[in-house]
Each structure stands twice: as structure tokens, then as C-alpha cells.
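Visitor: What follows is a protein structure lacking sequence information:
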């Protein structure tokens, strides 16, 4: 879908029609995940009649759905039976530890779909109507915490490895922890560390569950509430801001960073994980498109460029701000220090 | 988006996330067309402040939208100004004779979007809830007739050339004429022909307008009503069924073909234009995906394979059925004859 900028093919309506119809592929995959066809095919229900029975679905409907999934590269078909492509086997079969089907309830939250199909109105206003996802206790964050954990687990491991390679922390504050994985993975690599995780109470139950499952119950503490209202305590050598700043305007981000600065020990680090477009605003693709997600989903949020993030950190009192890639993820990390 | 079946890359969540998020590109393009940003940039309003003013939109929102369109390959950006890619200049600037932005009201009709985001329910039932697009006088067909004309014009010209190359008709029936272009293009190549065009009355007003604009007022006649109810007259040497059979079940299609057979002269031809998947049901991509569109949009419609279309034509009394490609369009043509 994302086009080669050096594209030299003659103009064609096909490419535009493909983009206009691209939503159908999202909708088909959403429906297939809801019917759990991937798990059922993997479990051996791989012909239309048995699969339809398992899904309590119409046979013709089931065949049309599966044939579409073949075109989309998620199933393979031979002699009237289907099997999962490598991607589908790893990420769409419920028995896989990498199963990511639960992210659909976050990605396709009805109010977000409604905003997406009103892009013109959102662009006119400069944002959604109302607080959207940053409303207090918005239930979408429970979906996010539950659905994104398996998907973000590799990113969390990479970030933990990066953070501990520069110094093993002992007291970590995980802000807007969500599923809690970013703090949990650091705790695993830093055996003497204690994690304090902040989020809305309902979301923290998910993080608490994950921390307990990781055997961290005695080194992990829940701090329920809003990052803007709740006192953080003090004496942290690392504060995590994973995918949080993009929800807010620059002034709000700067205020939060100043609060973080206040609770860090001298030499302590703030670790910001973000989708950060290049200064041109149009690359790399995912980070550049992330700006539109924030326009749709938040009143004042943005996909900040590094120059903007660096300015916020400096204004909040930090030094030695640096940008680090986190390949192969599309995310980038900003690390800044409180002066010694 | 459609994956290479010989794909040998290792499994990656990125491809699945890209598919799940693909709807955002459709939504962004829909919004950009509604704001008419392409025409406005083409007219010289190519920086964020002037473009935002022209669109009566927020500046930050306008910048985010345009940067997304750069990622999507529809705009190019340099030194803070935007210009249209070749595709956008040809198909998305209102001043272009090939402008196709009007198809959005057909593609994104709210009730169709609602069905798409309930694929699981549609697959369970084997179709939408209710008659969907085949309900009598459904207003979506007015959007279709108005929006698809410029987009389908090259297909109509190709079909007319194919039809007249096998014999120049004198009396043509254009069933479910819509914008009327399929009959109109034949009339242009067959100067002694008369066209009778059938569709719902409101839709026929669009076709009448197009026929008048083509200078065919004296050779073009409107026959308002349903193809299943209205007598067709008699003595046709060509009957067109452009993109019509896919809305109905096989028995209904066969009955309609029998009615067509009855009004053709001996040796007369029925010309069916369709998206026809190969017998495997999963290729070529667009035709294979078209089956899901019909599952969503019609109670009993299907993307028929050629073997199914051939069987219907034979059962209705036709002979010499053949399948013809219509490159570079994704459509195919079935031509059958009434015996001499």
C-alpha cells in the first residue's frame, strides 16, 4: 500500500482504488479473528464444511472469507483445504505464544472507527470531537493493556536490554504502564530493582497480573491514578515513558517531564519510547502516519519529531538527550539524564 | 497489501499490523477527497497555511493530513510545499477529465461500512441483514451512476470495441444501465444503432444526461423499472449485462438470461461483464476479493466463476459461450449467442 516514492509506472486508477478499498482487508481480517478461523484451521478444521460447523457459520460465507484470506496471504489453499501461512501460524493462532488477535478490540474500537471515517471533520477541527482516548479511565486502555502485551513483548525486551546496558537500575517508575511489560522486562534483567507502575486502577490489574505471572510480585508495586495528579514518590534512577507523550500537547509533555525530573536521583534517566518521524515529517512510513492516528485519537497529541522531544526535555531540566533506534521495531527511544 | 504467495521472509507482526491498519489509508484518502485537497493543491494552494485556509481547516490537521498523503504516494513534499503525484493529478484533481473522487459516496456508503465492520456476523448468516444494495430503488445506485462514470469510461470503450469487432449491432438493450456508458460507447461505434437502457427511474436520469451529452438523444431510449418486472420489448441483436449478475443467486440469473434469450433475434448476443475469479476461487486478486464484496452487499450474490456463468447461459438456451479478457481492466467478458 505504501508506495515506492521512486515509482515510475504510468498513472493508474488501480492504485487509488486499492487504497480506497484497503479498509476491506482490515475488516476481513478483523472478522476472521473474531470467528477465530485461524485457530480452528490450525486445529485441523481445514475444509469448508468442518470449519463452517466449528464457526457456526454459513458454508458459502466461510468459503468466501477463507478465499479472501488466501488472497491476503494469510491462508494457503490446496485441493479444497486451507492451511495457515507462516505469519498467521505465528500471530493469529490462539495457541501461539505470539498470538496478537486481541489487539482488534483496541484498533477497531467503534468510536475510533467512527472518527476515522470522519477524517475531513477531524482535520477541519484539528482533532476529534471531545477528549477521545485521553478521557479519564477510557475503557480502550483496558483493551490496549490486554491486547498489546504479546505484540509489544519483543519491543519491551529490546528496550530493557538497552536500558540495562547503560546501567542496571534499582528503582524504576513505569508511567502509564498499561500491560506493565516495559517495567517487567527491566525487572527481569535487573534482579535488585523495584518497579513502581502507575496507570488507571482497572488497567493496573492487567499489569499486576503480568507482574505476578513473571514472578515479580515482591518487587512490583501498583500506583493507581493519573500521571498528572498522583505524587510519584522519589529516588528513582529510571523513569519510563513508554508511548505516552504522543497523547498530549507540548506544554503538557514539558510539565510532566519536569515532574519526572523532580523524582529522579542525580544522574537518573528518563526513557521515552515513541513513534518519532524524521524532521521531514513524511518518513519513516509508520511513524509519519502515526501523526494522523494521534489527530484522530487525541485532542492535542502529536507524533513528535526528535527536535521537539529534545526541546521539551531540555526545557524540563534534562541534559544529554539522545535518540536511539530500536530495530527491527518502528519505535525509537529518547534517553535524557538529570545532571549529577 | 496483497502478498506475494512465494513470500519467503520470516514471520513478522508488521505485515499483519499493516493489514489491520489498512483501513486508515482508505479513511485518510476519503477525508482528503471530501476536503478536496488535491484540487486545491493543484490550483496552487500548496503550503499548509494557504491550503488550510482554502479547506477551512486547522493548520496542524492539514499538515498531518498532507504528510500522510505523502507517505501514501499521493503527494510529494519539498521545502514545505506539496504537489500532486502523477496518480493524484490524473484521478483526484476535479479539473481532470479522469477525476474519480465521486466514487467515495458509493464505496463508503455508511450502511456498507457498517456491514464491513461486521464481517463475522455476515459470514455467520451467509449474507447481510436484509436486502442491502439490491433493495428496490436503493439510493446507492444513484451514487454509483454518478461516481463511477469517469472511472469506468475506459472499460466501456474497450467493451464497445470488443462488441462491435464481432458485428455492428443495430438494436441494443442495456440492462441495469447505471451511468449508461456501456450502451453509449457502443452507440458511438455503431452509428445506425438504437439503445434501450433499463434501470430505476432516478438512475436513468443520470444515463439520460450522459446520452444527451454524447449527442445520442435521438438514438437512446429510457426504459424505467426493474429488469425482473418490466417487459424488454423484442428484436435486440445485443443485450448488455454489465456488472449485474453478481448481485443475484444462480436461479435468478438463469431466469433473467432466459428472459434475455427471449428478446434477442436469432444469432443475437448477450454480453456479460463481470469480475470473474479463476476456478481456484483465489485468483486473480481483485476478482477473488470481489466475492467478499458481494457477501457484504447482497443477500445471495456471488463472484461467479466462468464454469458457473457458462452453465447458467447454457441452461437459459444460449450457445457458443466464451470468456474474453479485457486488459488492463480486472474485468472479464462472457459472450453467448442465441442459435440462428
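Guide: The structure has been received and is ready for your questions. Computed from a predicted model, the values in this text were never measured in an experiment. Residues are numbered from 1 along each chain as shown, chains lettered A, B, ... in the order given.

Visitor: which one is residue A:153 nearest to, not counting chain neighbours?
Guide: Among residues not flanking residue A:153 along the chain, residue A:181 sits closest, at 6.0 Å (C-beta to C-beta, 6 or more residues apart in numbering or on different chains). Glycine gets a C-beta too; all of them are placed from N, C-alpha and C.

Visitor: per-residue confidence for that neighbour?
Guide: Here the pLDDT value assigned to residue A:181 is 97.

Visitor: what helices or strands is the host helix or strand of residue A:265 leaning on?
Guide: Taking DSSP states H and E as the definition, residue A:265 sits inside strand A:264-274. Applying 3 or more C-beta pairs under 8 Å, 6 or more residues apart in numbering or on different chains; DSSP states H and E, one finds that strand A:264-274 contacts helix A:149-165, strand A:236-242, helix A:250-263, helix A:306-315, strand A:332-337.

Visitor: Same list (these) but as CSV, adding mean neighbour count.
Guide: Below are the helices and strands packed on strand A:264-274 laid out as CSV (neighbours: other C-beta atoms under 10 Å in any protein chain shown):
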stretch, mean neighbour count
helix A:149-165, 19
strand A:236-242, 24
helix A:250-263, 18
helix A:306-315, 18
strand A:332-337, 21
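
Visitor: Could I get the ones you listed in CSV, plus columns for distance to residue A:63 and mean pLDDT?
Guide: As requested, these are arranged in CSV below (distance: least, C-beta to C-beta, whole Å; pLDDT from 0 to 100):
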stretch, distance to residue A:63, mean pLDDT
helix A:149-165, 30, 93
strand A:236-242, 42, 98
helix A:250-263, 50, 98
helix A:306-315, 49, 98
strand A:332-337, 43, 98
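
Visitor: So for residue B:165, which of those sits nearest?
Guide: Residue B:165 sits nearest to helix A:149-165 of all the helices and strands packed on strand A:264-274, at 55.0 Å, using C-beta to C-beta.

Visitor: name the helices or strands packed onto the closest one?
Guide: Looks like helix A:149-165 contacts helix A:181-189, strand A:264-274 (3+ C-beta pairs under 8 Å, 6+ apart).

Visitor: all strands for chain A, in order.
Guide: A:75-78, A:81-84, A:171-174, A:194-199, A:220-224, A:236-242, A:264-274, A:319-325, A:332-337 (DSSP state E).

Visitor: Just send the helices and strands packed on helix A:149-165 back as JSON lines, with mean neighbour count too.
Guide: Listed next are the helices and strands packed on helix A:149-165 as JSON lines, based on neighbours: other C-beta under 10 Å:
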{"stretch": "helix A:181-189", "mean neighbour count": "24"}
{"stretch": "strand A:264-274", "mean neighbour count": "21"}
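
Visitor: out of these, nearest to residue A:319?
Guide: The closest of those to residue A:319 is strand A:264-274. By C-beta to C-beta, the value is 10.1 Å.

Visitor: What angle do strand A:319-325 and the closest one make with each other?
Guide: Per axes from the mean of the first three to the mean of the last three C-alpha atoms, to 10 degrees, the angle that strand A:264-274 makes with strand A:319-325 is 30 degrees.

Visitor: Direction included, what does strand A:264-274 pair against?
Guide: Here strand A:264-274 has these sheet partners by DSSP bridges: strand A:236-242 (parallel), strand A:332-337 (antiparallel).

Visitor: what distance separates the last one from the centre of its chain?
Guide: The reference is to strand A:332-337. Distance of strand A:332-337 from the chain centroid (C-alpha atoms, centre = their mean, to the nearest Å) equals 18 Å.

Visitor: do the same with the longest one
Guide: Strand A:236-242 has its C-alpha centroid displaced from the chain centroid by 18 Å (C-alpha atoms, centre = their mean).

Visitor: what residues does the stretch 201-340 of chain A put near chain B?
Guide: A:277, A:280-283, A:285, A:288-289, A:291-295, A:302, A:328, A:330 (C-beta under 8 Å from any C-beta of the partner chain).

Visitor: how about low-confidence regions in chain A?
Guide: For chain A, applying pLDDT under 70 flags the ranges A:1-9.

Visitor: switch the cut-off to 80
Guide: Confidence mapping of chain A against pLDDT under 80 gives the ranges A:1-12, A:150.

Visitor: Mind naming the longest helix for it?
Guide: helix A:13-35 (DSSP state H).

Visitor: and the angle from it to helix B:149-165?
Guide: Going by the same axes, to 10 degrees, helix A:13-35 makes 110 degrees with helix B:149-165.

Visitor: in helix A:13-35, what counts as buried?
Guide: A:13, A:15-35 (16 or more other C-beta atoms under 10 Å in any protein chain shown).

Visitor: got the contact list for the residue nearest to residue A:155 when sequence neighbours are not counted?
Guide: What sits nearest to residue A:155 in space, not counting adjacent residues and going by C-beta to C-beta, 6+ apart, is residue A:329, at 4.8 Å. Listed by C-beta atoms under 8 Å, 6 or more residues apart in numbering or on different chains, the contact partners of residue A:329 are A:154-155, A:158.

Visitor: picking that back up, the strand holding residue A:265 vs helix A:181-189, what angle?
Guide: Here the directions of strand A:264-274 and helix A:181-189 differ by 120 degrees (the same axes, to 10 degrees).

Visitor: relative orientation of strand A:264-274 and helix A:306-315 in degrees?
Guide: Going by the same axes, to 10 degrees, strand A:264-274 is angled at 160 degrees with respect to helix A:306-315.

Visitor: how far does strand A:264-274 sit from the chain's center?
Guide: 21 Å.

Visitor: What of stretch A:80-98?
Guide: Between the centre of stretch A:80-98 and the centre of its chain there are 21 Å (C-alpha atoms, centre = their mean).

Visitor: Show me which residues of it are buried.
Guide: Quick answer for stretch A:80-98 (16+ other C-beta under 10 Å): A:81-82, A:84-93, A:96.

Visitor: out of those, which touch chain B?
Guide: A:85-92.

Visitor: quick one: residue A:169 from residue B:223, how far?
Guide: Relative to residue B:223, residue A:169 is positioned 79 Å away (C-beta to C-beta, to the nearest Å).

Visitor: Who has more neighbours out of the two?
Guide: Using other C-beta atoms under 10 Å in any protein chain shown as the criterion, residue A:169 and residue B:223 rank with residue A:169 on top: 26 against 18.

Visitor: Test my guess that that one contacts residue A:238.
Guide: Yes: using C-beta atoms under 8 Å, residue A:169 is in contact with residue A:238, at 4.1 Å.

Visitor: Between which two of the buried residues of stretch A:80-98 is the distance greatest?
Guide: Longest span within these, C-beta to C-beta: A:81 and A:91, 21.2 Å.
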